[in-house]
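Chemist: Build me a model:
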Amino acid sequence: MNNDHIIYTLNKELDELEAKIDQLSKKYLDLKKENSLLKERQEREVSEKFKIKEKNQKVQNKVEGIINRLRSLEYNQ
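Modeler: Prediction:
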C-alpha cells in the first residue's frame, strides 16, 4: 500500500465521519426543537387542566348550593 492510497483512504473515512457528525448534529437540533415544543405544549395542557379543575369545582359548589336550597325548601313545606 502506498502513501497516496493511505491518504486517500483516510480522507475518505474523515469525509464519511464528518458527514455522520453533521447528520447527528442536525438530528440533535431537530430533537432539541421538538423537545422544546413538547414542553411548551405540556405546560399549556397542565395550565388548561388546572383551569378546568377550577371550573369544575365552581360548578360543583353551585350544584351543591342548589341542592341545599332545594332541601331547605322541601323541609319548609
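Chemist: And residue 16, how far from residue 26?
Modeler: Separation of residue 16 from residue 26 (Cβ to Cβ, to the nearest Å) stands at 16 Å. Heads up, the C-betas are built off the backbone N, CA and C, glycines and all.
Chemist: do residue 42 as well
Modeler: 25 Å.
Chemist: Same question for residue 39.
Modeler: From residue 39 to residue 26 the distance is 21 Å (Cβ to Cβ).
Chemist: swap in residue 70?
Modeler: From residue 70 to residue 26 the distance is 65 Å (Cβ to Cβ).
Chemist: ok, now how distant is residue 24 from residue 17?
Modeler: Distance from residue 24 to residue 17, by Cβ to Cβ: 10 Å.
Chemist: er, residue 26 I mean
Modeler: From residue 26 to residue 17 the distance is 15 Å (Cβ to Cβ).
Chemist: what about residue 47, how many neighbours?
Modeler: If you count neighbours by other Cβ atoms under 10 Å, residue 47 ends up with 10.
Chemist: scratch that, residue 59 is what I was asking about
Modeler: When neighbours are counted by other Cβ under 10 Å, residue 59 registers 10.
Chemist: so which helix or strand takes in it?
Modeler: Using DSSP states H and E, the secondary-structure element containing residue 59 is helix 3-76.
Chemist: now residue 31: how far from residue 21?
Modeler: Distance from residue 31 to residue 21, by Cβ to Cβ: 15 Å.
Chemist: my bad, residue 60
Modeler: 57 Å.
Chemist: Check residue 37 too.
Modeler: 25 Å.
Chemist: Where does pLDDT dip in the chain?
Modeler: Applying pLDDT under 70 to the chain flags the ranges 1, 77.
Chemist: Find the residue at the geometric middle of it.
Modeler: The centroid of the chain falls nearest to residue 38 when counting by Cα atoms, centre = their mean (2.3 Å).
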